[in-house]
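# Just a sequence and a predicted model for now, questions to come.
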Amino acid sequence: MGTNTIELGYRVDGTFTKREFDIEVGSEVVDARGTVQLENCVVSPEALIPGDTATVTLKLTNSASEYTIEMDGSDYSMNAQIQSAELSGESEMIEVTSEPYYNVGIIGPGDSLELPFTIQVKNNTPDGTYLLKFKLEGSARLYSLNLKIPVTVDSSSIDAVLSETLELNPGRIILSVANNRPNTVNAVTIIPDGNATFEPAEYFIGTMESDELFTVKFDMKEENDLTDINFKLRFKNGNNWHETDALTVALKDQRSPHTQKRETQVDLTVIAILAAVLATVSGFFILMRHRRAKSE
């Protein structure tokens, strides 16, 4: 594909004549000199977790400002014709699942064209920045593009910690939820699980920016058989769902002060009764022994 020269020879009145012609091979003949540049590259999500899929959108722009220019006494169109555009991975860790674009068409002066590609990161990919190769082929008079497209892989997640103990807030659990990722995540939801009734049943935060912190409160009504409570965190990175390891809150050693007070009062009452009974019985035996000693 490109410009090729052919020679044509013929005889006229016994004289041999040879002429050369330039032809365009592999594309429609376009007498154009537009110039295409990569104006913008967007990776969504901005940072991928191993196993994620993402969309890489490349914006191509014809930087010409006029529709025609005159060179050497000839007029040339400033339209830019795109023959093919391909994105490929230079590493085995990231796979480009989209097919290349062929015969994309013409981009007029000042106009732009967006080409989306889908990529997938393998599950065992280490954190880091990986480069994809973008190759663009234009018409015969348009220089090709060979560019590197960076993609970030980051396995960090969102975390939750117990903000206050149950002794300070009887019947209520307060969590601090933080987004430790370098990019925004969506649909963040905290889901409690345990032998208790929670209000709300699950807490929807929604969008969390990088390094953003939320305070989440659950009112809790304990059931008879007290057990530990687990909190699962679910979120979306781009179009990819993720769920973190559960946060476990131990309740057996953190009963409410009111419950502990009632139990303490009951225990003290029982102890007092037993002590009174023991004192009465001891006094009786002492009295009987004293009388017996007198009679002797």
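The structure has been received and is ready for your questions. Numbers count the residues shown, from 1 in each chain.
# rest of the way, CA atoms for contacts and neighbours
Noted.
# and Q37, what does it touch?
If a contact means C-alpha atoms under 8 Å, 6 or more residues apart in numbering, then Q37 has L60, T61, N62, S63, L145 as its contacts.
# Just give the strands next to the helix or strand containing it in its sheet, each with its orientation.
Assigned by DSSP states H and E, Q37 belongs to strand 36-44. Using DSSP bridges, the neighbouring strands of strand 36-44 in the sheet come out as strand 53-62 (antiparallel).
# contacts for the strand it pairs with?
34-45, 48, 79-80, 107-121, 238-240.
# Narrow those to just the buried residues.
When burial is judged by neighbour count using 16 or more other C-alpha atoms under 10 Å, the buried members of the contacts of strand 53-62 are 34-36, 38, 41, 43-45, 48, 79-80, 107-113, 116-121, 238.
# Could you chop the chain up by domain?
33-153, 158-249 (automatic domain parsing).
# in this protein, which spans are helices?
257-295 (DSSP state H).
# in it, which residue is closest to the centre?
Most central in the chain under C-alpha atoms, centre = their mean is N237, positioned 2.4 Å from the mean C-alpha point.
# From what I see, that one and R181 are in contact.
No. Under the contact definition of C-alpha atoms under 8 Å, N237 does not touch R181, with a separation of 9.8 Å.
# returning to what we had before: spit out the contact partners of the residue nearest to the centre of the chain.
Under the criterion of C-alpha under 8 Å, 6+ apart, the contact partners of N237 comprise P45, L48, I49, T184, V185, N186.
# I'd like the residues you listed written out as JSON lines, with distance to S84 added.
Output for these, formatted as JSON lines (distance: C-alpha to C-alpha, whole Å):
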{"residue": "P45", "distance to S84": "26"}
{"residue": "L48", "distance to S84": "27"}
{"residue": "I49", "distance to S84": "30"}
{"residue": "T184", "distance to S84": "33"}
{"residue": "V185", "distance to S84": "34"}
{"residue": "N186", "distance to S84": "35"}
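# pLDDT for the residues you listed - can I get that in CSV?
What follows is those, written out as CSV (pLDDT from 0 to 100):
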residue, pLDDT
P45, 98
L48, 98
I49, 98
T184, 98
V185, 98
N186, 98
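# mind listing which of those residues are in strands?
Judged by DSSP state E, strands contain the following of the contacts of N237: L48, V185, N186.
# excluding its backbone neighbours, what's nearest the first one?
When you say that, I think you mean L48. Excluding its sequence neighbours, the residue lying closest to L48 (C-alpha to C-alpha, 6 or more residues apart in numbering) is V153, at 4.7 Å.
# measure that neighbour to G128 for me?
Applying C-alpha to C-alpha, to the nearest Å, the value for V153 to G128 is 5 Å.
# These two: who's more crowded?
Regarding V153 and G128, a neighbour count based on other C-alpha atoms under 10 Å identifies V153 as having more, with 20 against 11.
# Return the distance of that one relative to E243.
Applying C-alpha to C-alpha, one obtains 18 Å for the distance of V153 from E243.
# Now do stretch 166-184: everything it contacts.
Counting by C-alpha under 8 Å, 6+ apart, stretch 166-184 makes contact with 45-47, 154, 156-165, 185, 207-222, 237, 254-257, all of which sit outside it.
# rerun that using 7 Å as the cut-off
Residues lying outside stretch 166-184 but in contact with it, judged by C-alpha atoms under 7 Å, 6 or more residues apart in numbering, are 46-47, 156-164, 208-221, 254, 256-257.
# show me where the stretch 1-150 of the chain has strands.
Remark: strands assigned in the stretch 1-150 of the chain by DSSP state E, counting those that start in this stretch are 2-12, 15-25, 36-44, 47-48, 53-62, 68-71, 74-77, 80-89, 94-96, 101-107, 112-121, 128-138, 145-153.
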